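Chemist: This is the structure alone, sequence omitted:
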């Protein structure tokens, strides 16, 4: 049973994906991103951001859908992007065995909230328990796998908090 409250695609008004490609098995890696846009809290505040990101990814970048599997708001609200078991478009050359999670905001400037960190930790634990993420998964910041500042200095510095199991 999944005790996490994840805001569904339907709840935030997502457009249907052009197509969906499944991951071949449980994700071996989790890649942390930031949206590099405004931070937001809760469904009402984050809906416009989510729709703007999906539109940018589908119309300008020609992705099949919003690139991330999940996104998290500053209050710890979790939003379904592509969801579990679906290949994302978030880390070029590394999407086949990974899950992409984006913190909503620009963490070159902002510091990730305790609530967002805790929600993502719970999401990762839930993913492992449900068999969507390998128990011994590796956690990366986007910059570890590509030439980018993402997920921003302050979020990158906080990755150790996501790696710890407490």
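Modeler: That came through, no problem. Only a predicted model underlies this, so the values are computations on that prediction, with no experimental measurement involved.

Chemist: Only C-alpha atoms from now on, for both contacts and neighbour counts.
Modeler: Fine.

Chemist: biggest helix in this protein by residues?
Modeler: The longest helix of the chain (DSSP state H) is helix 114-129.

Chemist: quick one: buried residues of whichever helix or strand comes after that helix?
Modeler: Going down the chain from helix 114-129, the next helix or strand is strand 133-141, by DSSP states H and E. For strand 133-141, a neighbour-count test (16 or more other Cα atoms under 10 Å) marks 133-134, 137, 139-141 as buried.

Chemist: between strand 133-141 and helix 114-129, how many degrees?
Modeler: With axes from the mean of the first three to the mean of the last three Cα atoms, to 10 degrees applied, the angle from strand 133-141 to helix 114-129 works out at 140 degrees.

Chemist: Which strands and helices lie in contact with strand 133-141?
Modeler: Contact here means 3 or more Cα pairs under 8 Å, 6 or more residues apart in numbering; DSSP states H and E; on that basis strand 133-141 packs against strand 27-34, helix 114-129, helix 159-163.

Chemist: For this protein, which residue occupies the most central location?
Modeler: residue 101 (1.6 Å; Cα atoms, centre = their mean).

Chemist: Quick one: list the elements packing against the longest helix of the chain.
Modeler: Helix 114-129 sits against strand 70-72, strand 133-141, helix 159-163, with contacts defined as 3+ Cα pairs under 8 Å, 6+ apart.
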